[in-house]
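**Q** Pasting a predicted model and its sequence here:
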Amino acid sequence: MSANLSGIKHTRGFDIVKPLSITMLIVMMLPLILLPMLSIFIFGTGNGLGSFWRALKAPEAVFALKLSMVTSFWATVFNLIFGLFAAYVLTKYNFWGRNAVIVTISLPTAIPTAVAGFALLLLWGPYGLFGRLVGAENTPRIMFTSYAIILANIFVTFPLAFGVIKPVLETMSTSLEEASATMGASRWQTFWHVTLPSLRGALLGGALLTFARAVGEFGSTILVSGNLALRTQTAPLYIFAKFNEGQVEAANAIAIVLALFSFAIFSILFFARDWLEAD
């Protein structure tokens with residue numbers, strides 16, 4: 001059926017269900033999303049923009065924001081490459097255990113982030129399975145460093161790029177790839193010049209989702225980073241630490257930046273979806 005369901009009318013004249021439904025939707029969103037988000041902006045600018053700017057320029061705040069951006073960037077790069085590779089392999093080839101691999105890749109979405117951080121500690125910590133090897137004398141440890149934050153972000157955001165790219169590959173027409181093969185192109189040339197350009201929207205969408213999720217990661221990073229100011233304290237950890245210290249204004253300044261950043265990311269994904277979904 002190709003009928004436009006939105007155009008079907010069940011009543012004649014004025015339809016009271018439409019305004020009631022819209023009003024109910026907004027009323028439900030007010031205490032759950034709109035008012036909590038609005039509160040951080042009202043509180044953050046309550047003492048003037050000058051006070052907000054001073055809190056934002058504090059050395060610890062600047063460092064936390066930079067660390068979040070850098071660690072999220074590298075986690076995004078890794079998961080984008082892995083997500084592309086995994087999606088390509090699992091789409092092009094059928095093999096025994098394929099479904100188990102897909103479930104395993106998707107598993108981090110169901111695992112609590114605190115459990116993820118604890119699992120990384122058990123593996124890479126000073127007494128962990130790998131931690132004993134890389135933590136030997138004259139060998140730098142991984143836990144409680146920026147590398148641990150990247151590992152945690154990779155684990156938590158592992159399925160995101162894969163989940164965006166794989167459906168696009170599954171619905172992509174193979175006619176162009178077949179034409180490329182008949183013209184004598186190698187498998188790599190076909191992938192680079194035919195398949196990859198068709199995935200530009202999925203790659204950008206996966207990268208944006210992964211980056212936005214990594215920037216806001218808290219549960220796993222607080223366990224593996226050590227939460228050391230000016231060393232391993234990311235922006236979400238900075239908010240947590242300043243709130244516990246009673247410096248609510250400092251915590252709120254970073255919260256505003258992260259909220260605006262997330263809004264910008266998802267605005268790009270929403271308003272550019274026609275381009276992102278283009279073949």
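**A** Now that the structure is in, tell me what you want to look at.
**Q** Would you indicate which residues of stretch 155-174 are buried?
**A** By neighbour count on 16 or more other Cβ atoms under 10 Å, the buried set for stretch 155-174 is 155-166, 168-169, 172. Every C-beta, even on glycine, is put in place using the N, C-alpha and C of the backbone.
**Q** Run the chain-centre distance for that stretch.
**A** Here stretch 155-174 is found 14 Å from its chain centre; the criterion is Cα atoms, centre = their mean, to the nearest Å.
**Q** What are the contacting residues of it?
**A** 75-76, 79-80, 82-84, 86-88, 90-91, 105-109, 113, 116, 119-120, 195, 198-199, 201-203, 205-207, 209-210, 213-214, 217, 220, 279 (Cβ atoms under 8 Å, 6 or more residues apart in numbering).
**Q** and what of stretch 179-189?
**A** Residues outside stretch 179-189 that contact it (Cβ under 8 Å, 6+ apart): 190, 193-194.
**Q** ChimeraX command to pick out the buried ones of these?
**A** In ChimeraX, this line selects whichever of these come out buried by 16+ other Cβ under 10 Å:
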select :190,194
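**Q** Tally up the residues packed near Phe82, please.
**A** By other Cβ atoms under 10 Å, the residues close to Phe82 number 15.
**Q** hang on, I meant Gly125
**A** That count, for Gly125 with other Cβ under 10 Å as the rule, works out to 21.
**Q** now Pro19
**A** Neighbour count of Pro19, defined by other Cβ under 10 Å: 10.
**Q** helix or strand for it, which one?
**A** For Pro19, the host element (DSSP states H and E) is helix 17-29.
**Q** Tell me the first helix or strand C-terminal of that helix.
**A** Following helix 17-29 toward the C-terminus (DSSP H and E): helix 35-44.
**Q** What residues of that following helix count as buried?
**A** 40, 44.
**Q** same for that helix, what does it pack against?
**A** helix 248-271 (3 or more Cβ pairs under 8 Å, 6 or more residues apart in numbering; DSSP states H and E).
**Q** Show residues contacting stretch 88-98.
**A** 101-102, 166, 169-170, 191, 195.
**Q** First residue to last residue on that stretch, what's the distance there?
**A** Stretch 88-98 has an end-to-end distance of 12 Å (criterion: Cα to Cα, to the nearest Å).
**Q** what pLDDT, on average, does that stretch get?
**A** Stretch 88-98 shows a mean pLDDT of 90.
**Q** Please spell out the segments of the stretch 101-250 of the chain that come in under the pLDDT threshold.
**A** Residues of the stretch 101-250 of the chain meeting the criterion pLDDT under 70: 134-140.
**Q** circling back: tell me the one of the contacts of stretch 88-98 nearest Leu133?
**A** Leu133 lies nearest to Val101 out of these, by Cβ to Cβ, at 26.6 Å.
**Q** picking up where we left off before, so which of the contacts of stretch 179-189 comes closest to Leu56?
**A** Among the contacts of stretch 179-189, His193 lies closest to Leu56 (Cβ to Cβ), at 45.1 Å.
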